[in-house]
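> Here is a sequence together with a model predicted from it:
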There are 2 protein chains.
Amino acid sequence: MKKIILASQSPRRKELLAQAGFEFDIITSDVDEKITHTKPSEIAESLSRQKAEDVFGKIVKKYGTDQVDDYLVIGADTIVAIEDRILGKPKDREDAYNMMKLLSGRTHQVYTGVTVVTSGETNIKEESNIQQLNISDDDKKCTKASIYTFHECTDVTFYDITDEEINEYLDGSLEWADKAGAYGVQATVGAKFLKELKGDYNNVVGLPVARLYQEIKSMM
Amino acid sequence: MKKIILASQSPRRKELLAQAGFEFDIITSDVDEKITHTKPSEIAESLSRQKAEDVFGKIVKKYGTDQVDDYLVIGADTIVAIEDRILGKPKDREDAYNMMKLLSGRTHQVYTGVTVVTSGETNIKEESNIQQLNISDDDKKCTKASIYTFHECTDVTFYDITDEEINEYLDGSLEWADKAGAYGVQATVGAKFLKELKGDYNNVVGLPVARLYQEIKSMM
């Protein structure tokens, strides 16, 4: 069995991966994320890949290529999109207010991209050379990595939210501050304003963990 | 503002109601629940109503009719249905195993019926006399209650689950023991086997709390 590394410091992703029964460690990425796509699904996939590759590179550097076959690294990135706009984490309260106004009474999409990087024997569909990972010359020569990326999209529909309710929400806690789209589905907004969801709920939380479990199962 | 009473001892319902920002107390029903319907939505609604009415009756008995205008009682009942079968809490491990086999690779429905009983001024659509509540003659004469019942239905689709996975799940913990359909969506089964959901996620947890928040808002 490979050693699983989650390349994310999100407590929500950590909790979901544990719920699926995985044992894992966390190594976070320091990569300077670059957005090189315009479609939300491609942005989420690309960012998840940058994180997972960065952490896999760290492991190669630390343990060398002999040990790397034992590792499987999971990166994830979640994006909120409504029509052609992408909502990141709000810059400030006003930005969060505008996001809530935009989401009120409408359907938006939440994309989570997930990348699994591993080396050694797998059944992963796509295979690429570890030279794509930003590691030192020494390590490159004898290690190949398999990289598999996918995304899930969930449609989320909100009830109408009044201005008073938005202000009450923003003043009630800071739960909007560090979340793409200014909300976490598992807290106030999910309990008061979420009318309907189509797709994977955990994907909105930040990790489509059932799909990930199924993918890892098919790789092993 | 009315005093809100949740007529359920489910920790999951308690948590959801708190997430929506409600302050409330819990008084559980001792009613001997009677199933007098065959459609899952009607069973869930009817059972939620029996619980809410029972607890409202307790409050009338305890505090008398003068105080009762200040109370709003919420009852809920959750049912899992697949085709024409209704899945309750499993009797034993074998029953739970059979439920998992039935749910594997297919779409089923989760219904939660919710009843709100209150008296005094409201905008509740349906109104009925408190004589429907099983309280003493003394109280009947001057109190009227408004009773509003609704349900939400969520479609839940599972991935294929192998026999080995079912056994691992059933042996791993007892989380299947006290749940309709032998699973809780917020734990192992949701994290490993839930492919897609259509509707309200919290409805599957046990309380369509956003709809309930919207309904209570429109009553006040």
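Now that the structure is in, tell me what you want to look at.

> Run a quick check on A:E23 versus A:L6, I expect a contact.
No. Look at A:E23 against A:L6 with CB atoms under 8 Å: they stay out of range, at 10.7 Å. For the C-beta atoms, the positions are set from N, CA and C on the backbone; glycine is no exception.

> between those two, who's got more neighbours?
Neighbours were counted for A:E23 and for A:L6 using other CB atoms under 10 Å in any protein chain shown; A:L6 has more, 24 against 9.

> Test my guess that the more buried one contacts A:D25.
Yes. With contact defined as CB under 8 Å, A:L6 counts as touching A:D25 (7.4 Å).

> element containing A:I43?
Per DSSP states H and E, A:I43 falls inside helix A:40-68.

> distance of the residue with the largest distance to the centre of chain A from A:M100?
Largest separation from the mean C-alpha position in chain A: A:E164, at 31.6 Å (CA atoms, centre = their mean). Distance of A:E164 to A:M100, given as CB to CB, to the nearest Å: 12 Å.

> same question, A:K58
Note on A:K58: its distance to A:M100, by CB to CB, is 37 Å.

> check contacts around A:D160.
A:D160 makes contacts with A:104-105, as judged by CB atoms under 8 Å, 6 or more residues apart in numbering or on different chains.

> nope, A:A180 is what I meant
The neighbours of A:A180, taking CB under 8 Å, 6+ apart as the test, are A:78-80, A:87-89.

> my guess is A:S41 meets A:H151, correct?
Yes. At 4.8 Å, A:S41 counts as touching A:H151 under the criterion of CB under 8 Å.

> Could you name every residue contacting both of the two?
Residues within reach of A:S41 and of A:H151 at once, by CB under 8 Å, 6+ apart, are A:111, A:113.

> higher neighbour count, the two?
The neighbour comparison of A:S41 against A:H151 (other CB under 10 Å) goes to A:H151, with 23 against 18.

> Return the set of residues that bridge with the more buried one.
On the basis of DSSP bridges, A:H151 is bridged to A:G113.

> could you check whether stretch A:183-193 is close to chain B?
Yes. Using CB under 8 Å from any CB of the partner chain, stretch A:183-193 comes into contact with chain B via A:185, A:187-188, A:190-193.

> Now, the contacts of A:A180 that are in strands?
Counting by DSSP state E, those place A:78-80, A:87 in strands.

> Counting neighbours, which of the residues you listed comes out on top?
Within the ones in strands among the contacts of A:A180, A:T78 tops the neighbour count with 27 neighbours, counted by other CB under 10 Å.

> is it true that it touches A:K89?
No. Using CB under 8 Å, A:T78 makes no contact with A:K89, being 10.4 Å away.

> What separation is there between the closest residue to A:A180 other than its chain neighbours and chain B?
Spatial nearest neighbour of A:A180, excluding adjacent residues (CB to CB, 6 or more residues apart in numbering or on different chains): A:V80 at 4.6 Å. Distance, A:V80 to chain B, using CB to the nearest CB, to the nearest Å: 17 Å.
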